[in-house]
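A.B. asks: I would like the atomic coordinates for the input below:
(chains A and B)
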There are 2 protein chains.
Amino acid sequence: MTLETISTNRSFGGVQGVYAHDSQATGTRMVFSVYVPPHAEGQKLPVLLYLSGLTCTHANVTEKGEFRRACAEAGVIFVAPDTSPRGDEVADDEAYDFGKGAGFYVDATQEPWAAHFRMRTYIEQELPDLLAEHFPVDRTRQGITGHSMGGHGALTIALRNPDRFRSVSAFAPIVSPLNCPWGEKALGGYLGQDRVAWRAYDACALIEDGARLPELLVDQGLGDNFLEGQLKTHLLEEACKASGIPATIRMQEGYDHSYYFISSFMADHVAWHAERLKR
Amino acid sequence: MTLETISTNRSFGGVQGVYAHDSQATGTRMVFSVYVPPHAEGQKLPVLLYLSGLTCTHANVTEKGEFRRACAEAGVIFVAPDTSPRGDEVADDEAYDFGKGAGFYVDATQEPWAAHFRMRTYIEQELPDLLAEHFPVDRTRQGITGHSMGGHGALTIALRNPDRFRSVSAFAPIVSPLNCPWGEKALGGYLGQDRVAWRAYDACALIEDGARLPELLVDQGLGDNFLEGQLKTHLLEEACKASGIPATIRMQEGYDHSYYFISSFMADHVAWHAERLKR
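C.D. replies: Residues are numbered from 1 along each chain as shown, chains lettered A, B, ... in the order given. The predicted structure follows:
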């Protein structure tokens, strides 16, 4: 698979790159960023995948996430894909929470979305292969995290692929699309009105249906405007408790939904993943 | 002086704020950001002023500078002002390196710039008073730094105000506007063609004319496209050597002019300032 280099910048002794490729999964050009920390030649490194939230591209976390120092110290590769297919040929919606920038990490089955909105296949299959081909990634040591819609993506992808990810965390995740307006709109639009089909894209439902995580770290701001109406962290807390998943869910006083919150706890998450990926 | 709060976000245990006020110095509304780290009530804290480069506002370093963790650890307030007056009534130029976003931290004497381009007075006099009135700043413990045009600002302001700043550093500074195209255009435009008037705005000329710094830290990327034609770090190195200013000037292999460079060394600079501001 051919990779186009858009930019590379030295940072914290490693290289922050932005890359593009023609995706078979989405049928579009997809852009993503990769930070490769300083490392010995020939060395394979653990990789942490970060899935972004509504309206974001790869750029938000790349510019504001403050992950590079921690990744350089821990020797972890950090990958940030886009949140949806892009381009004039891709269907869109005027709303910020549906269509472009709001792929919800699903494979859409409904028209006009089914043609390009295949972010599940992109993240689960195509991107890992591409990364392994072009970067010094140790595929046996993968972790996944994300923010908000991307936290939902990280949780559901990890729950559906228990052998793939050794470590899972999230920042202010949407924990149950079945039970919030963002989720009902997106999953209804992409998957149709049969809510049974949604359960593969709902962390709490996946756990209820028997999926498990080895362990979980979540940070959630108590000053987050979306906590009550959309994120509903307590549902995940209850699902983990009922199923015996060891979850560390930290409710952080005063923090909101922004990158000022994410960056404050990013180093904690990188270190947490690194510890598990290096065992 | 009245201060308008545009936004506040909890970050790294402190508060990242963005504020606006009607400036007497520039005759315009000026926006700046302040990070106040966690601290005991009533405690006064050292403050580090960061001056930004061409095209920037307060937002660039606030979003990409990665200073908050270091400032929270060291207990230092971080202030990022804008780089020029703004607004429809303010004269401008089509170029990125003159007019709005390119104030060069001078008090302009030439028309049409003299009315509003008074960034020297703004940074040296008005902003410190405003900060002392509204934030827990210890005015006896001030440091200054900046990037590129802002590195030029930090150096020249510190050299002209030896009793004001206990610590001075810069990222990829323009060290001698008298000797580079950016400087000749800007100082010629704002101050007129008499180059004697420029010397108060040229770090190397100020040192030549007798001004001194207690000490200096500079980081400069060797992969910076502007190094040879505009920044000319060696002129500062020579001026410091000739005048006995103890300067640590680090030429960093592979680093460019971007915030990927700045953020890599930001924590070093914050710690360096904190050490000197707390003596």
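A.B. asks: what does the stretch 51-200 of chain A put close to chain B?
C.D. replies: Proximity of the stretch 51-200 of chain A to chain B, by Cβ under 8 Å from any Cβ of the partner chain, involves residues A:63-64, A:66, A:68-69. For glycine as for every other residue, the C-beta is placed from the backbone atoms N, C-alpha and C.
A.B. asks: Just the pLDDT for the spatially closest residue to A:Gly53 that is not a sequence neighbour.
C.D. replies: Nearest non-adjacent residue to A:Gly53, counting by Cβ to Cβ, 6 or more residues apart in numbering or on different chains: A:Ser148, 3.4 Å away. On the pLDDT scale, A:Ser148 is placed at 98.
A.B. asks: From chain B, how far off is A:Ser148?
C.D. replies: Computed as Cβ to the nearest Cβ, to the nearest Å, the A:Ser148 to chain B distance reads 16 Å.
A.B. asks: Would you map the strands across the stretch 151-279 of chain A?
C.D. replies: Ranges of strands in the stretch 151-279 of chain A, per DSSP state E, counting those that start in this stretch, are A:167-171, A:216-221, A:247-252.
A.B. asks: about what we covered before: got a winner among the residues of the stretch 51-200 of chain A next to chain B for most neighbours?
C.D. replies: For those, neighbours were counted by other Cβ atoms under 10 Å in any protein chain shown; the highest total belongs to A:Glu66, with 26 neighbours.
A.B. asks: which SS class is that residue?
C.D. replies: Secondary structure, DSSP: H, G, I helix; E, B strand; the rest coil: A:Glu66 is coil.
A.B. asks: Any idea which residue of the stretch 101-250 of chain A lies closest to chain B?
C.D. replies: A:Gly223 (6.6 Å; Cβ to the nearest Cβ).
A.B. asks: I figured the residue nearest to A:Gly53 was touching A:Cys180, is that so?
C.D. replies: No. If you go by Cβ atoms under 8 Å, A:Ser148 and A:Cys180 don't touch, sitting 11.2 Å apart.
A.B. asks: mind checking how far the spatially closest residue to A:Met119 that is not a sequence neighbour is from A:Ala74?
C.D. replies: Excluding its sequence neighbours, the residue lying closest to A:Met119 (Cβ to Cβ, 6+ apart) is A:Gly103, at 4.0 Å. For A:Gly103, the distance to A:Ala74 equals 29 Å [Cβ to Cβ, to the nearest Å].
A.B. asks: And for A:Gln24?
C.D. replies: 32 Å.
A.B. asks: where along chain A do the helices fall?
C.D. replies: Assigned by DSSP state H, the helices in chain A fall at A:58-64, A:68-74, A:119-121, A:127-134, A:149-160, A:181-191, A:203-208, A:233-243, A:259-277.
A.B. asks: For the last one, buried residues please.
C.D. replies: Pointing back at helix A:259-277 there. A:259-267, A:269-270, A:272-274, A:276-277 (16 or more other Cβ atoms under 10 Å in any protein chain shown).
A.B. asks: and of those, the nearest to chain B?
C.D. replies: For the buried residues of helix A:259-277, the residue nearest chain B by Cβ to the nearest Cβ is A:Tyr260; the value is 3.8 Å.
A.B. asks: more neighbours, A:Ser148 and A:Cys180?
C.D. replies: A:Ser148 (25 against 21).
A.B. asks: which residues does the more buried one contact?
C.D. replies: A:53-54, A:171-174, A:226, A:231, A:257 (Cβ atoms under 8 Å, 6 or more residues apart in numbering or on different chains).
A.B. asks: How about A:Glu66?
C.D. replies: Counting by Cβ under 8 Å, 6+ apart, A:Glu66 touches A:263, A:266-267, B:66, B:69, B:263.
A.B. asks: Next, give phi and psi for the residue of the stretch 101-250 of chain A closest to chain B.
C.D. replies: Main-chain dihedrals, A:Gly223, degrees, to the nearest 10: phi -100, psi 20.
A.B. asks: buried residues in stretch A:35-53?
C.D. replies: Buried, per 16+ other Cβ under 10 Å, within stretch A:35-53: A:35-37, A:45-53.
A.B. asks: check contacts around the closest residue to A:Ser52 other than its chain neighbours.
C.D. replies: Excluding the flanking residues, the one nearest A:Ser52 by Cβ to Cβ, 6+ apart is A:Gly150, at 4.7 Å. By Cβ under 8 Å, 6+ apart, the contact set of A:Gly150 is A:50-53, A:56, A:83, A:105, A:170, A:173.
A.B. asks: for these, which one is nearest B:Asp219?
C.D. replies: Of all the contacts of A:Gly150, B:Asp219 sits closest to A:Tyr50, with 27.7 Å by Cβ to Cβ.
A.B. asks: ok, now which ones touch A:Gln110?
C.D. replies: Counting by Cβ under 8 Å, 6+ apart, A:Gln110 touches A:189-192.
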